[in-house]
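Engineer: Quick one: sequence and predicted model below, then my questions.
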Amino acid sequence: MAKIFQVSARAGMTRVVEPIARALLRAGVTPNAVTVAGTVGVLVGALGFGARGHLVAGALIVTLFALTDLLDGTMARMSGGSTKFGAFLDSSMDRVADSAVFGAVAYWLATEGNHSGVAAALVCLAAGSLVSYVKARAEGLGMTCNVGIAERTERLLIVGVGGILTGVGVDPALEIALWLLAAVSIFTVGQRMTHVYRQAQQLQPDGQA
């Protein structure tokens with residue numbers, strides 16, 4: 001099934017990112033440094049702004065720094081490919097950033113007395129982590145898992161749009177976005193587990209259950 005954020009859109013963003021990536025590499029900046037800087041930026045946007053109710057500023061800062069996912073990957077490719085530590089660092093920093101985003105959203109909703117929204121944010125946090133874990137575990141077992149309608153970029157875009165709309169006065173937008181995100185994240189987990197199950201069945205020797 002096609003991802004929400006279509007491949008053509010990703011390709012368009014890559015064309016924008018490539019000149020920036022080249023300039024940073026020429027300046028001696030490493031992909032790992034960009035990964036860490038992007039995570040710090042997300043933490044500032046989420047905890048410094050979003051958790052305090054400055055939803056528009058928080059969403060814009062988080063979105064801007066989340067795009068470093070494309071930037072550090074492009075830099076790694078241009079410099080000869082990602083190292084094992086670079087891939088590990090990128091994945092780890094993604095989990096830190098995602099936890100900050102949904103933790104900040106849950107905290108702010110709790111201060112507003114929106115218990116349903118808090119529940120949705122916590123479901124998103126758990127399901128988002130599971131989406132990533134299922135893929136990592138599958139790849140660790142030698143299988144592929146590049147399927148699902150809501151990968152990390154899609155998840156951050158959905159919550160970002162909800163935050164901006166709520167910040168400009170469309171009060172239920174963030175809660176609606178969170179429940180939508182919870183649903184597509186859980187669906188994505190199901191897609192990935194089904195995909196891995198089918199691969200495992202094909203790889204399984206005949207006669208074994």
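Structural biologist: Received it, and whenever you're ready, just let me know what you need.
Engineer: Now the helix or strand where Ala104 lies: buried residues?
Structural biologist: Element membership for Ala104, per DSSP states H and E: helix 84-111. Burial within helix 84-111, assessed by neighbour count using 16 or more other Cβ atoms under 10 Å, is assigned to 86, 89-90, 93-94, 97-98, 100-109. To be clear about C-beta, it is placed using only N, CA and C from the backbone, and glycine gets the same treatment.
Engineer: distance between it and the chain's centre?
Structural biologist: Offset of helix 84-111 from its chain centre (Cα atoms, centre = their mean, to the nearest Å): 8 Å.
Engineer: immediately after it, which helix or strand?
Structural biologist: helix 115-140.
Engineer: Now do that following helix and helix 84-111, the angle between them.
Structural biologist: If you take axes from the mean of the first three to the mean of the last three Cα atoms, to 10 degrees, helix 115-140 sits at 170 degrees to helix 84-111.
Engineer: I'd like to know which elements helix 115-140 is packed against.
Structural biologist: When contacts are defined as 3 or more Cβ pairs under 8 Å, 6 or more residues apart in numbering; DSSP states H and E, helix 115-140 sits against helix 84-111, helix 152-167, helix 173-203.
Engineer: got the angle between it and helix 173-203?
Structural biologist: Using the same axes, to 10 degrees: helix 115-140 against helix 173-203 is 20 degrees.
Engineer: May I see the buried residues of helix 115-140?
Structural biologist: Under the neighbour-count criterion of 16+ other Cβ under 10 Å, helix 115-140 has 117-125, 127-128, 130-132, 134-135, 138 buried.
Engineer: One more: stretch 161-180?
Structural biologist: With burial defined by 16+ other Cβ under 10 Å, the residues of stretch 161-180 counted as buried are 162-167, 173-180.
Engineer: before we move on, what about stretch 68-81?
Structural biologist: Neighbour-count burial for stretch 68-81 flags Thr68, Asp69, Leu70, Leu71, Asp72, Gly73, Thr74, Met75, Ala76 (criterion: 16+ other Cβ under 10 Å).
Engineer: Can you list the low-confidence ranges for this protein?
Structural biologist: 1-14, 205-209 (pLDDT under 70).
Engineer: close enough to count as contact, Gln191 and Cys145?
Structural biologist: No: if you go by Cβ atoms under 8 Å, Gln191 and Cys145 don't touch, sitting 9.3 Å apart.
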